[in-house]
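>>> Just to be clear, the model below is a prediction. Sequence and coordinates:
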Amino acid sequence: MSVNCVDATIELANEHEVPILMIASRRQIDSEEFGGGYVNNWTTEEFARYVTDKDKKGKILLARDHGGPWQNTREKDAQLGLRRAMESAKSSYRSDIAAGFQILHIDPSVDIHGQPDVDEVLDRVFDLYDYCWSQAQQNSREIIFEVGTEEQSGSTNSQEELDYTLNEINKFCRKNKFDPPAFVVIQCGTRVMEMRNVGSFDSPVRVANEIPAEIQLPKMIEICNRHGIFMKEHNTDYLSDEALQWHPRLGIHAANVAPEFGVAESKALVGVLEDNGLHELATRFLALAYESKKWDKWMLDGTTATDRDRSLIAGHYVFSTPECKELKAEAGQLLARKQIDLDAHLKQQVKSSILRYLRSFRLVRSA
């Protein structure tokens, strides 16, 4: 989500000697061909080099999150057809592999021209899988694959569809002598909107027409285990500590988190500015974030969110803009007079947010 988030993750992984996947969507980080991404304006190559240089104990695994057609804003804006969007996705993957990414998420769930059925999506998975495998072989790279075949909706998959999908993917891999995927993304009843999780996983009440997560998930994990694949949950942000502590008990193998850490840093930035009388700078940051309109896709229908809430949701999208860098440099100088290191403070707040997950998942001991 930001340089501070990247640094916080690397430091925690090295300090506690726990492996952490650092997942980059194509909007966050992409190759030079696509103009990089909004996280520090890094290209794939620059990002990989930065992490590798800082990760002294080699605990970070670089992962492409949501690779696939129309996963980059440029492809959507250009209204690319399927063939060109697939070629574009392959070009992005090619840069990932060359840069040393170790995990690739093959996700053709987005289609701006319609809603493909499961077999059409699987055909796209196979095409991208074949391409990435060949590129990895040519570059003498070992790649771990993650597959996901539908967008996260906050509900749960059907058991029949998951079983069918994994069966078809394993048949494809056996036929082509490819390593099977290590992870499959499953709808776990998690979905992030605004600054909360609105899915059924953490809901105290039953959701209509849906099997409760605590009943459904063990059945889904059983299917994964039968097919020899790990289950990965997306949109884990903002779940309660109690819900997170159930993850290892339920047998969930991996979980993705992102927006919560960006919001934690935005709240910390506004908080330290306001607490130290720098209200004009705080107002400038909130206005910059609000005017980006990056909060729009996160809003619930009939929302009661304030403009301040919207700014905090969108804050991490503007960290790398010239205006925000200038604002932070000014704030950093003023806070230094009070012996406050601004980025160290922000990084510590992000670390606290990440540690909540590491402790709940029993990856580090609770304090």
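Received the coordinates, thanks.
>>> and the closest residue to Glu323 other than its chain neighbours, helix, strand or coil?
Leaving out its chain neighbours, the residue that sits closest to Glu323 by Cβ to Cβ, 6 or more residues apart in numbering is Leu288, at 5.6 Å. No exception for glycine: its C-beta is placed from N, CA and C like everyone else's. Following DSSP: H, G, I helix; E, B strand; the rest coil, Leu288 is assigned to helix.
>>> For Leu288, the count of nearby residues, please.
Counted with other Cβ atoms under 10 Å, residues neighbouring Leu288 total 19.
>>> can you check His113 too?
Neighbours around His113, by other Cβ under 10 Å: 11.
>>> residue contacts, it?
Gly81, Leu82 (Cβ atoms under 8 Å, 6 or more residues apart in numbering).
>>> what sits up against the longest helix along the chain?
With secondary structure taken from DSSP state H, the chain has its longest helix at helix 118-138. Here helix 118-138 makes contact (Cβ under 8 Å, 6+ apart) with 67-69, 86, 89-90, 93-94, 97, 104, 106, 108-109, 116, 141-143, 145, 147, 149-150, 161, 164-165, 168-169, 172-173, 176, 178.
>>> And Cys188, its phi and psi?
Main-chain dihedrals, Cys188, degrees, to the nearest 10: phi -110, psi 10.
>>> Counting neighbours, what do you get for it?
29.
>>> beta partners for the residue nearest to it when sequence neighbours are not counted?
Nearest residue to Cys188, sequence neighbours excluded (Cβ to Cβ, 6+ apart): Glu233, at 4.4 Å. When assigned by DSSP bridges, Glu233 has beta-bridge partners Ile186, Ala255.
>>> if I look at Glu233, how far off is Ser366?
21 Å (Cβ to Cβ, to the nearest Å).
>>> Comparing these two, which residue is more hemmed in?
Taking Glu233 and Ser366 together and counting by other Cβ under 10 Å, Glu233 has the greater number of neighbours (23 against 8).
>>> tell me the strands in the stretch 51-200 of the chain, going along the chain?
Secondary structure of the stretch 51-200 of the chain by DSSP state E, counting those that start in this stretch: the strands cover 60-67, 103-106, 144-147, 183-186, 192-193, 196-197.
>>> Which elements pack onto the helix or strand of the chain with the lowest mean pLDDT?
Across the helices and strands of the chain, the lowest-confidence element by mean pLDDT, DSSP states H and E is helix 213-227, at a mean of 87. For helix 213-227, the packing partners by 3 or more Cβ pairs under 8 Å, 6 or more residues apart in numbering; DSSP states H and E come out as helix 159-176, strand 183-186, strand 230-233, helix 241-250.
>>> So which residues make contact with the third one?
Outside of strand 230-233, the residues within contact range by Cβ under 8 Å, 6+ apart are 146, 182-186, 188, 190, 220-221, 224, 247, 251-256.
>>> Please repeat the previous calculation with a cut-off of 6 Å.
For strand 230-233, contacts defined as Cβ atoms under 6 Å, 6 or more residues apart in numbering pick out Ala182, Phe183, Val185, Ile186, Cys188, Ile221, Cys224, Ile252, His253, Ala254, Ala255.
>>> got it, and the second one?
Taking Cβ under 6 Å, 6+ apart as the criterion, the residues outside strand 183-186 that touch it are Glu146, Val147, Gly148, Asn157, Met220, Ile229, Phe230, Met231, Lys232, His234.
>>> how many neighbours does the closest residue to Leu80 other than its chain neighbours have?
Nearest-residue entry for Leu80: Ser88, 6.5 Å, with adjacent residues in sequence omitted and distances by Cβ to Cβ, 6+ apart. When neighbours are defined as other Cβ under 10 Å, Ser88 has 22 of them.
>>> same thing with Ala329?
Ala329: 10 surrounding residues under other Cβ under 10 Å.
>>> just Thr283 next, same as before
Counted with other Cβ under 10 Å, Thr283 comes out at 14.
>>> Correct me if wrong: Glu265 contacts Leu346.
Yes - with contacts defined as Cβ atoms under 6 Å, Glu265 counts as touching Leu346 at a distance of 5.2 Å.
>>> Need the overlap of contacts for these two.
Jointly contacting Glu265 and Leu346 under the rule Cβ under 6 Å, 6+ apart are Asn4.
>>> Narrow the contacts of helix 118-138 to just the buried residues.
For these, a neighbour count by 16 or more other Cβ atoms under 10 Å gives the buried set as 67-69, 86, 89-90, 93-94, 97, 104, 106, 108-109, 116, 141, 143, 145, 147, 149-150, 165, 168-169, 172-173, 178.
>>> Return the residues in contact with Asp30.
Per Cβ under 6 Å, 6+ apart, neighbours of Asp30: Gly37, Asn72, Ser92.
>>> neighbour-wise, which of these leads?
Tallying neighbours with other Cβ under 10 Å puts Asn72 at the head of the contacts of Asp30, with 27 neighbours.
>>> Got the phi and psi for Gly199?
Main-chain dihedrals, Gly199, degrees, to the nearest 10: phi -70, psi -180.
>>> Against Ile223, how distant is it?
Gly199 is 20 Å from Ile223, by Cβ to Cβ.
>>> which stretches of the protein have low pLDDT?
Filtered on pLDDT under 70, the chain yields the residue ranges 149-157, 204-212, 367.
>>> how about the helices in the stretch 251-367 of the chain?
Using DSSP state H, counting those that start in this stretch, the helices found in the stretch 251-367 of the chain span residues 259-275, 279-291, 307-314, 322-336, 342-360.
>>> can I get the ones you listed in a markdown table with distance to Trp42?
Shown next, in a markdown table, are these (distance: least, Cβ to Cβ, whole Å):
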| stretch | distance to Trp42 |
| --- | --- |
| helix 259-275 | 15 |
| helix 279-291 | 20 |
| helix 307-314 | 19 |
| helix 322-336 | 14 |
| helix 342-360 | 17 |
